[in-house]
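A.B. asks: coordinates only, no sequence provided:
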DNA sequence: GGTGTTGGCCAACAAGCGTTGACCAACGGC
DNA sequence: GCCGTTGGTCAACGCTTGTTGGCCAACACC
């Protein structure tokens, strides 16, 4: 019924050098994880019920509890991925905006996990914290390598996040029709210079009110 | 306990020329509406329970049902506001980005309703539809008056929405600390030119991949 | 071939939800 | 001063949720 493409990481599993041996239940574990990812992405945390996830995976709800402990454990397992931002070294800093926008579009298209993170981060405190963590650890440190004054890195990263998350919000969550209709190339052409400016343009003198 | 500052619009009330006469229960009605707005803004639709709203308003949950019919009716009453975008006539089209960003910041600061709409629109289908409607009716028609080719208005409005909603998301929903730390003037100075470009700059030739 | 372990289902639990209807107290017109 | 109307509380219903423990079948090992 479902395709099992990756080995899940089990909650509470201590990493003992050798990865855990394959088990007969791996297919079920992965089916649960896949169904959970889809449900969380589509419905958010509260409306994605364990019963619905189990139904999608074709097994009993109690199996979810046995393999992932609780609904929160399952959610943590779904979010257990790290998005690979490009290392800033070796990239043309003048095309950083363009590169970053393209990379984020790829991430969003290929992986439902980011949709989960954003949709859940809006209503669920744990999801929000996770989103803040990703922002803090990845985007700020990237900005620190690119922008002129490292002290401005958090503010510049925040501006970049506002544009990139805003595009993700309108395109993948709210699905505003004109936003969905934009091609990848158009988005890169419009947003790339914006992100580039947020990263490297001189800090503007605020407008007088 | 709570301040009642405005008269609520009652669900199902048909507008018969003269506004409905004041009733003894108006204070309670408004208290419910205020508490509901705060709860919906803070917790989203599913986690904001009628019982919690009633507790905040200091009355019994059944009163909420009596006055607003159902949870969805209450939610509709909370969203029953129309945000007043500036009429494009008489405004300097070259400063439109700056004006628009400032106006949206004002709207967001003064009114929790937009927070409700965004937070609920992410998980609740009805909220999402409402958000799409506001976008379609207000932002696109504004873009039509400002941008060079009216046919491009939806795409340009979508880009503007991505930046403005993204700022709202990171500042008022996710509360990324560096975003919250930005002053109103900094935000206008950074985002104003972006929005201006999305509205009036010539449509760019997409980057080759 | 018996036996312990694993994978899975079933039925039920307590809690919380939106919602309902019966009931009581205070007000207002005659 | 009476009585219909209004504002409000209380207790309960039916349902869904996350979660639990008992039970059965299939496998693995000696």
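C.D. replies: Yep, it's here. Keep in mind that this is a model prediction, so the values were computed, not measured.
A.B. asks: can you name the residue of chain A nearest chain B?
C.D. replies: Per C-beta to the nearest C-beta, residue A:166 is where chain A lies closest to chain B, at 1.8 Å. To be clear about C-beta, it is placed using only N, CA and C from the backbone, and glycine gets the same treatment.
A.B. asks: quickly find the element holding that residue.
C.D. replies: Using DSSP states H and E, residue A:166 maps to helix A:153-168.
A.B. asks: any idea of the pLDDT on the residue nearest to residue A:91 when sequence neighbours are not counted?
C.D. replies: The spatially closest residue to residue A:91, leaving aside those adjacent along the chain, is residue A:99, at 6.0 Å (C-beta to C-beta, 6 or more residues apart in numbering or on different chains). pLDDT for residue A:99: 95.
A.B. asks: could you count how many residues lie near residue A:99?
C.D. replies: 18 (other C-beta atoms under 10 Å in any protein chain shown).
A.B. asks: okay but it is in contact with residue A:86, surely?
C.D. replies: Yes - using C-beta atoms under 8 Å as the test, residue A:99 is close enough to residue A:86 to be in contact (6.3 Å).
A.B. asks: near DNA strand D, which residues of chain A? Just list them.
C.D. replies: Neighbours of DNA strand D within chain A, by C-beta under 7 Å from any atom of the strand: A:24, A:48-52, A:61-62, A:64-65, A:70-72.
A.B. asks: for residue A:14, give me the pLDDT.
C.D. replies: 41.
A.B. asks: buried ones in stretch A:180-192, by neighbour count?
C.D. replies: Buried residues in stretch A:180-192, defined by neighbour count with 16 or more other C-beta atoms under 10 Å in any protein chain shown: A:182, A:186-192.
A.B. asks: again with stretch A:143-151
C.D. replies: A:143-144, A:146-147.
A.B. asks: and residue A:29, how many neighbours?
C.D. replies: Neighbours around residue A:29, by other C-beta under 10 Å: 21.
A.B. asks: low-confidence stretches in chain A?
C.D. replies: A:1-21, A:83, A:207-209 (pLDDT under 70).
A.B. asks: the strands in it, which residues?
C.D. replies: Here chain A has no strands by DSSP state E.
A.B. asks: leaving out sequence neighbours, find the closest residue to residue A:44.
C.D. replies: Spatial nearest neighbour of residue A:44, excluding adjacent residues (C-beta to C-beta, 6+ apart): residue B:123 at 3.7 Å.
A.B. asks: mind listing what the one you found touches?
C.D. replies: Neighbouring residues of residue B:123 by C-beta atoms under 8 Å, 6 or more residues apart in numbering or on different chains: A:43-44, A:46-47, A:119, A:122-123, B:44-46.
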